[in-house]
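[1] Provided below for reference: sequence and predicted model.
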Amino acid sequence: MSVPGPSQWLVLIVFVPLLAAVAAVLWPGRGAGRWLTVLTGLLTGGGLLSLSARLLDAGEPVTHALGGWPTPLGIALYADGLSLAMLWLTWVVMSAASWHADAYNPAHGIDEALFRPLWLACWCALNAVFVSGDLFNVYVVLEISTLAAVPLVAIAGGRAALTAALRYLLFALLGALVYLLGVALVYGRHGRLDMHGLEITPEPAMLLAAGLVTAGLMAKAALVPMHVWLPPAHSRAPAPVSAILSALVVKAAVYLLLRLWTWTWPELINGAAWVLGGLGAVAMIHGSVLALLQVRLKRVVAYSTVAQLGYLLLVFPLASLLAWQGVVMHAVSHGLAKAGFFLAAGNIMHLLGHDRLQGMRGISGGPLALTMFALALSAVSLMGLPPSGGFLAKWLLLQAALEAGAWGWAALLLIAGLLAAAYLFRVLAILLARDTPDPLAAPGSDRHVPTAMAWSALTLALGSAVLAFAGEPLLRLFSIGSPDIMTGSTGP
Amino acid sequence: MTPPVLYALCAAAIFGIAVYGLLSRPHLVRRLLALNMMGVAVFLLLVAFARRDPEVTDPVPHAMVLTGIVIAVSATAFGLALVRRLYRDTGRTGLSESRDP
């Protein structure tokens, strides 16, 4: 047996987690689940290394025709710099969150036999979204991600979690069917579904199709005005699940918006760019203001996700290579920082048993020292302060706005940054307050955060900080195969 | 009016009725039914598109519909399980009064 080449790895990084999920159903024990996850991490990690090496070497996207059938009849898998950015993000966040879950699940009574197959299926679906090159294939893998993510929200049980899961399910299914209606229209007009071969011209039917596909994906991505399901679902889920939902699952749908509007129908973008950018702006302001008003920690973080997703839509009105790099960097650094923040919030809940900000005054020392460091580092990246990936991303976006002379967007970026600082400093001020004795530091208290939970949060937070220093080579990798309308080779 | 146009109009009408049902009915089982109706509308449209050319039948939309049915069945089964669990635990059949505290 020979070592698989890069294009075969495109298939394996989808099928390894899928087979592991099936194996986790057959061997439901805790030990087996852990080993299956480690094996999945090692194999997909190796695959990603091979793919990255090939991409840097050739400087162009890697493709694979499934079963040897060429498009448009067959289904193509496709990976470029953007795919690799999201695949690496998925790998790092899933690995760290799995590590966290090893300690979190037994302590919180989460059934391993239910959790592990769903977790691995979600990993499979995310990898599949990021290498899909086919509109219908995307529908299928998005549904797998929904049907894995919703039960993970409900897994803890209880009225609030069940209601949140049901609301999430209704929005996600509605989004999927609206998306599918759009895809049906595209097929009816063009008779093919491959995202990179379709040549869609501005005509009423295709504008309708693009609108339906976009609306469907916006429901899945919780973009304003379809965001109401996100805060309850993301704040009621167990900590490792919240981390992957906010960092990865919603981003899979945003990723598809970027991919479709820049590769599949760039010619329709003209009017839509402002609509999409405007919705992003509303999300940035609305989400931040609501984050400022929340009384529970995990809801602050969840509304912060609503706000931070808005940044990703700014790529449409700005439309330049700088903006493109800024948005990709933002997706990655937000993913790391937000997952780190959610894991840290889970550690705090683990000790306190609740996440009401009111009961958190001055708990920063003692057993939570490492967790608090992780939380503060993640907050720095989310606010966009240096040194962090968040700073680099916002700097690139700001530069793109200034170079384009788009003062409105530049002002929006600054205001949203200030609002993010406001809602995060509000949290930090409560946690780091010195005016009350630390309730957890009382002598004789033996409560502690398990090593795995503290260090997994810290790893992600450090990752989002390190991005600031690894920015240059990473941006080179992420820019491979960037779309024509961003690099200006044809001009929008 | 040619048959494909008739089918497309039918699909649009069913989709619209289903969206109305989804938004206006609080009962969760009705909402799941409405989502299934939306699915049926899209499948009808796809099957109509399979006969764009009256001479040959395009098999790709049929494959899409079959896949779509599998997904719809799984999603509906899971949704019903969640609704039953919610009803058993809380006696509720809707989401409306459930504000997150």
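    Nice, thanks for sending it over. Numbering: from 1, shown residues only, chains lettered A, B, ... in the order given.
[2] for the lowest-mean-pLDDT helix or strand in chain A, packing partners?
    Every helix and strand of chain A was ranked by mean pLDDT, DSSP states H and E. The lowest is helix A:484-487, at a mean of 79. Packed against helix A:484-487 by the contact rule (3 or more Cβ pairs under 8 Å, 6 or more residues apart in numbering or on different chains; DSSP states H and E) you find helix A:321-352. Quick note: C-beta positions are derived from backbone N, CA and C, even for glycine.
[3] up against chain B, what does the stretch 201-350 of chain A have?
    Counting by Cβ under 8 Å from any Cβ of the partner chain, the stretch 201-350 of chain A comes close to chain B at A:231, A:232, A:235, A:236.
[4] now, which of the residues you listed lie within helices?
    With DSSP state H as the criterion, helices contain A:231, A:232, A:235, A:236 from among these.
[5] now the residues you listed as JSON lines including neighbour count and pLDDT?
    Formatted as JSON lines, these follow (neighbours: other Cβ atoms under 10 Å in any protein chain shown; pLDDT from 0 to 100):
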{"residue": "A:231", "neighbour count": "26", "pLDDT": "94"}
{"residue": "A:232", "neighbour count": "23", "pLDDT": "94"}
{"residue": "A:235", "neighbour count": "27", "pLDDT": "94"}
{"residue": "A:236", "neighbour count": "25", "pLDDT": "93"}
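[6] closest one of those to residue A:346?
    Taking Cβ to Cβ as the measure, residue A:346 lies nearest residue A:235 of those, at 11.0 Å.
[7] for that closest one, which residues are in contact?
    Neighbouring residues of residue A:235 by Cβ atoms under 8 Å, 6 or more residues apart in numbering or on different chains: A:164, A:242, A:296, A:298, A:299, A:301, A:302, A:355, B:100.
[8] quick one: least confident of the residues you listed?
    Looking at these by pLDDT, the weakest one is residue B:100, with 44.
[9] so which bits of the least confident helix or strand of chain A are buried?
    A:485, A:486 (16 or more other Cβ atoms under 10 Å in any protein chain shown).
[10] low-confidence regions, chain B specifically.
    Along chain B, the model assigns pLDDT under 70 to residues B:96-101.
[11] what's the helix or strand harbouring residue A:48 packed up against?
    Element membership for residue A:48 (DSSP states H and E) is helix A:30-58. If contacts are counted by 3+ Cβ pairs under 8 Å, 6+ apart, helix A:30-58 sits against helix A:6-26, strand A:62-65, helix A:81-107, helix A:112-131, helix A:471-478.
[12] for that helix, list every residue counted as buried.
    A:32-34, A:36-37, A:40-41, A:43-44, A:46-48, A:50-52, A:54-55.
[13] likewise for stretch A:6-21?
    So, applying 16+ other Cβ under 10 Å, buried residues of stretch A:6-21: A:6-7, A:9-14, A:16-21.
[14] stretch A:450-469 now?
    For stretch A:450-469, the neighbour count (16+ other Cβ under 10 Å) marks A:450, A:452-465, A:467-468 as buried.
[15] go on, stretch A:114-131?
    Those would be A:114-131, for stretch A:114-131 by 16+ other Cβ under 10 Å.
[16] output that stretch as CSV - backbone C-alpha positions only.
    The C-alpha trace of stretch A:114-131 is given here as CSV (Å, rounded to 0.1, in the frame of the first residue of the first chain):
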residue,chain,number,x,y,z
LEU,A,114,-24.2,9.6,22.5
PHE,A,115,-21.5,12.4,22.4
ARG,A,116,-18.7,10.8,20.6
PRO,A,117,-20.4,9.7,17.3
LEU,A,118,-22.1,13.1,17.0
TRP,A,119,-18.8,14.9,17.7
LEU,A,120,-16.9,12.9,15.0
ALA,A,121,-19.8,13.2,12.5
CYS,A,122,-19.6,17.0,13.1
TRP,A,123,-15.9,16.9,12.4
CYS,A,124,-16.5,15.0,9.2
ALA,A,125,-19.2,17.4,8.0
LEU,A,126,-17.0,20.4,8.7
ASN,A,127,-14.1,19.0,6.7
ALA,A,128,-16.5,18.0,3.9
VAL,A,129,-18.0,21.6,3.7
PHE,A,130,-14.5,23.1,3.3
VAL,A,131,-13.5,20.8,0.4
